[in-house]
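K.L.:
Only the shape, not the letters, is given here:
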């Protein structure tokens, strides 16, 4: 099978399972984000792919070649570390050419490749610049160029944008994605930033406790989360109890058209705030009291108390209803956009 394949990969640190029996297939040319809270195992998984750590069990292969016990320097991978790890005593060109020099390329070939890569990362003419004189975004680009110098078959990045300010980080997310699309290189990024993952990835892999909870496209992860953890971790959502009362499903004290699976008496419904519509109070709809309103400029958030449950609704400024704190409203939840979660 072409691409990266992990089968039954685990990593134990004494009694702690940092990664637990992970199966994963990453086809060639895909951009994948490993996403999850601190300590979920995403960096350990990346380090095993890179050869910086060895699995306790399982196998790792690329394009059918077993690399589980292969040394890092023989895997032909490019990696950007969270700290960037640039050599402070070398120039920009010296940093990028380092791996090329180790591989025995001539000075002319090194210089040509350095200029090619600097143009690729939008830093033409920077070869002789000291890395200490660069901005954070420029250092990031140099680290990326250095990792790409040897034309790696996998490009691995461990929270590469975490040290940048918010505006630059968002700009670099777009640049990194466009660069990956231009090169067509298989890329795996570790991040705890859900917005970053949703911006860049073809596939988002959500991890918790050393296990993969869901692996899917950003849209599917957002619209069809596999469980309450994924629903709550990705974006904002309302997690509301749903239960069966005879032959009816009940939500927020009212009968609902949200379907409860056969044989299930209780579950949780995930409803995104933008899918909660505020209406005039009605006996047919759940009722709620507005407790707080937050104007974010591009969106208006309404915090509501619905029969003891907190619900958040979001509208655009143009669609803002004429309501205020203390008002009672009806809540219309679209069944087609409400996801019933049984775990």
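P.N.:
Yep, that arrived. Note that the structure is a prediction, hence the values are computed from the model and not measured. Numbers count the residues shown, from 1 in each chain.

K.L.:
where does this structure dip in pLDDT?
P.N.:
Applying pLDDT under 70 to the chain flags the ranges 1.

K.L.:
can you list the domains in it?
P.N.:
Following automatic domain parsing, one finds the domains of the chain at 4-230, 236-341.

K.L.:
Check these for me and report the most buried one.
P.N.:
domain 4-230 (a mean of 18; mean count of other Cβ atoms under 10 Å). Where you see a C-beta, it was placed from the backbone N, CA and C, and this is true even at glycine.

K.L.:
strands paired with the helix or strand encompassing residue 23, and their directions?
P.N.:
Assigning secondary structure by DSSP states H and E places residue 23 in strand 16-26. Partners of strand 16-26 in the sheet, by DSSP bridges, are strand 4-13 (antiparallel).

K.L.:
how far does the strand it pairs with sit from the chain's center?
P.N.:
20 Å (Cα atoms, centre = their mean, to the nearest Å).

K.L.:
what's in contact with it?
P.N.:
The contact list for strand 4-13, computed with Cβ atoms under 8 Å, 6 or more residues apart in numbering, reads 17-26, 41, 44-45, 48-49, 53-62, 154, 186, 188, 210.

K.L.:
Stretch 193-200 now?
P.N.:
With Cβ under 8 Å, 6+ apart, stretch 193-200 has contacts from 31, 33, 35, 161-162, 169-170, 173-174, 176-177, 180, 189, 191, 204, 218, 221-222, 233-235.

K.L.:
how about 10 Å then?
P.N.:
For stretch 193-200, contacts defined as Cβ atoms under 10 Å, 6 or more residues apart in numbering pick out 31-36, 157, 159-162, 166, 169-170, 172-174, 176-178, 180, 187, 189-191, 203-206, 217-219, 221-222, 233-235.

K.L.:
now that stretch: how far from the chain's centre is it?
P.N.:
Using Cα atoms, centre = their mean, the offset of stretch 193-200 from its chain centre is 5 Å.

K.L.:
how about the helices in the chain?
P.N.:
42-50, 92-102, 107-120, 136-148, 166-183, 194-200, 218-223, 228-233 (DSSP state H).

K.L.:
Any idea which of these gets closest to residue 256?
P.N.:
helix 228-233 (17.7 Å; Cβ to Cβ).

K.L.:
Packing partners of that closest one?
P.N.:
strand 203-208, strand 211-216, helix 218-223, strand 238-245, strand 266-271, strand 338-341 (3 or more Cβ pairs under 10 Å, 6 or more residues apart in numbering; DSSP states H and E).

K.L.:
okay, the angle between the fourth one and strand 266-271?
P.N.:
Using axes from the mean of the first three to the mean of the last three Cα atoms, to 10 degrees, the inter-axis angle of strand 238-245 relative to strand 266-271 is 140 degrees.

K.L.:
Run through who's touching strand 238-245.
P.N.:
By Cβ under 10 Å, 6+ apart, strand 238-245 touches 228, 231-232, 249-252, 255-256, 258-261, 263-273, 275-276, 286, 304, 306, 309-313, 331, 333, 338, 340-341.

K.L.:
Fine by me, thanks again.
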